[in-house]
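J.: any chance you can model this:
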Amino acid sequence: MLHEGEVTIKEDKINALIKVAGVNVELFWTGLFAKALANVDMGSLICNGGARGPAPAEGPALFTNAVPAEEKK
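T.: Next up, the predicted model:
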């Protein structure tokens, strides 16, 4: 919401949103979140999903519902 409204993401702005939403969040989280996003390009984070690690290695998927061919009988 802050990014869309072209408002700099700061602790006080996050606290205002939380208050309007009527939820309870321990205050230290908003400060940590604001600091974590201080040097982040929010447009890129939102549109591109943020930084991504290296591509997974080729080979069988770790989590799959596929049954190996010899077990399909």
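
J.: so which residues of this protein form helices?
T.: 11-21, 27-36, 42-48 (DSSP state H).

J.: of these, which is nearest residue 2?
T.: Closest to residue 2 of the helices of the chain is helix 11-21 (CB to CB; 5.6 Å). Heads up, the C-betas are built off the backbone N, CA and C, glycines and all.

J.: what residues of that closest one count as buried?
T.: Of the residues in helix 11-21, 11, 13-14 count as buried by neighbour count, 16 or more other CB atoms under 10 Å.

J.: for the chain, what are the low-confidence residue spans?
T.: Within the chain, the stretches with pLDDT under 70 are 49-73.

J.: recalculate using a threshold of 90.
T.: Along the chain, the parts satisfying pLDDT under 90 run over 1-11, 13-14, 17, 27-28, 33-73.

J.: for residue 43, the count of nearby residues, please.
T.: Counted with other CB atoms under 10 Å, the neighbours of residue 43 add up to 9.

J.: wait, residue 30
T.: Neighbour count of residue 30, defined by other CB under 10 Å: 19.

J.: go ahead and confirm it touches residue 19.
T.: No. Counting by CB atoms under 8 Å, residue 30 sits too far from residue 19 to count as a contact (10.5 Å).

J.: rewinding a little: distance to residue 38 added to the buried residues of helix 11-21, as CSV?
T.: Formatted as CSV, the buried residues of helix 11-21 follow (distance: CB to CB, whole Å):
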residue, distance to residue 38
11, 10
13, 13
14, 12
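
J.: hang on, residue 7 packs against residue 17?
T.: No. Residue 7 is not in contact with residue 17 according to CB under 8 Å; the separation is 9.8 Å.

J.: follow-up on the earlier one: mind checking the helices of the chain for the one nearest to residue 3?
T.: The closest of the helices of the chain to residue 3 is helix 42-48. By CB to CB, the value is 4.2 Å.

J.: just checking, what packs against the closest one?
T.: Helix 42-48 makes packing contacts with no helix or strand when contacts are defined by 3 or more CB pairs under 8 Å, 6 or more residues apart in numbering; DSSP states H and E.

J.: relative to residue 33, how far out is residue 5?
T.: Distance from residue 5 to residue 33, counting by CB to CB, to the nearest Å: 17 Å.

J.: right, I'll call it a day here.
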